[in-house]
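Student: turn this into a model:
(chains A, B, C and D)
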Number of protein chains: 2
Amino acid sequence: MKTDKDDIQTCGYTIIHENVVSDVRKKMLADETIMSLAEFFKVFGDPTRLNILYALSISEMCVCDLAALLTMSQSAISHQLKVLRQARLIKYRRDGKVIYYSLDDDHIRQVFAQGLAHVNE
Amino acid sequence: MKTDKDDIQTCGYTIIHENVVSDVRKKMLADETIMSLAEFFKVFGDPTRLNILYALSISEMCVCDLAALLTMSQSAISHQLKVLRQARLIKYRRDGKVIYYSLDDDHIRQVFAQGLAHVNE
DNA sequence: TTCTCATATGAATATATGTTCATATGTCAC
DNA sequence: GTGACATATGAACATATATTCATATGAGAA
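Tutor: Purely as a prediction, here's the structure:
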């Protein structure tokens, strides 16, 4: 029967605390869950998208309004809106030629709040 | 005195709803705040860092333990730990040759919870 | 239909980012 | 001091990503 010592190499994978590692391993999140979480937070990791989300948390807006507000090209805004749509964070409605975007997730404001709590600590 | 119509061009910056835009503009976050927020969330936007943070939310761990747990190189883990340190999300203590990392932010678990709420909806 | 305008999207480009590899640092044991 | 080991770090590389540019789509007006 092998002892702990036998497993210790150069830290190619020295498990210094086997019990801790195996214990934590049991409680880790599933890979897909981690992946989904990372995708979710990645969306918040860009200033443009944060600005869009924050603006939409104040009022429904059309693409042109957002472009004017953020002084960015319509194309850039549209591309980011697509990302936000795919993340199921925003929804839209069409009125003639104009498309109005708004938030489609209840957690967004809370996520903002928690981020701000960290930033303003 | 110019009317709204005068401002409408090709949408190079057509402000379709001037009142909405000026109204929202007043309530927007400061640029630095948005930047800090983006930096904060960007840290959560990577599976490796999420795994590390989640593991540390269960137990304090050393670098080798984390490498073994996540089946990644010590170097890769160290680099990500540096990112997490710079984001002030983790702290460490030294015990001989071993360095133990742990969470250094109370919001982390809540941020996880909110992310999971979105993912599991 | 044809024109205009609001929006969407594909391709290209520049920049950011995660991992690896090699090496450096720091601590303990001898 | 020297050697072993845990960790840190700089450079290189490959991949991801945000914006721009050009163009396409879709809807109302004439």
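
Student: buried set for stretch A:77-84?
Tutor: Neighbour-count burial for stretch A:77-84 flags A:77, A:80-81, A:83-84 (criterion: 16 or more other Cβ atoms under 10 Å in any protein chain shown). Yep, even glycine has a C-beta here, placed from its N, CA and C like the rest.

Student: distance between that stretch and the chain's centre?
Tutor: Stretch A:77-84 sits 14 Å away from the centroid of its parent chain (Cα atoms, centre = their mean, to the nearest Å).

Student: how close does A:Ala76 sit to A:Lys82?
Tutor: 11 Å (Cβ to Cβ, to the nearest Å).

Student: quick one: low-confidence residue ranges for chain A.
Tutor: Applying pLDDT under 70 to chain A flags residues A:1-13.

Student: give me that answer again for 50
Tutor: For chain A, applying pLDDT under 50 flags the ranges A:1-9.

Student: near DNA strand D, which residues of it?
Tutor: Proximity of chain A to DNA strand D is confined to A:8, A:10-11, A:14, A:16, A:42, A:45-48, A:72-73, A:75-76, A:79-80, A:83, A:94, A:96-97 under the rule Cβ under 7 Å from any atom of the strand.

Student: which stretches of chain A form helices?
Tutor: For chain A, applying DSSP state H gives helices covering A:4-7, A:18-27, A:31-44, A:47-58, A:63-70, A:74-86, A:108-119.

Student: single out the most deeply packed of the ones you listed.
Tutor: Counting by mean count of other Cβ atoms under 10 Å in any protein chain shown, helix A:63-70 has the highest mean neighbour count of the helices of chain A, with a mean of 22.

Student: just send the buried residues of stretch A:77-84 back as CSV, with distance to A:Phe112 too.
Tutor: Shown next, in CSV, are those (distance: Cβ to Cβ, whole Å):
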residue, distance to A:Phe112
A:Ile77, 19
A:Gln80, 17
A:Leu81, 18
A:Val83, 17
A:Leu84, 14
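
Student: quick one, what contacts the residue nearest to A:Ile90 when sequence neighbours are not counted?
Tutor: Nearest residue to A:Ile90, sequence neighbours excluded (Cβ to Cβ, 6 or more residues apart in numbering or on different chains): A:Leu84, at 4.6 Å. Counting by Cβ atoms under 8 Å, 6 or more residues apart in numbering or on different chains, A:Leu84 touches A:43, A:49, A:52-53, A:90.

Student: ok, which of the helices of chain A comes nearest B:Arg109?
Tutor: B:Arg109 sits nearest to helix A:108-119 of all the helices of chain A, at 10.2 Å, using Cβ to Cβ.

Student: and that closest one with chain B, contact?
Tutor: Yes. On the criterion Cβ under 8 Å from any Cβ of the partner chain, helix A:108-119 is in touch with chain B at A:110-112, A:114-119.
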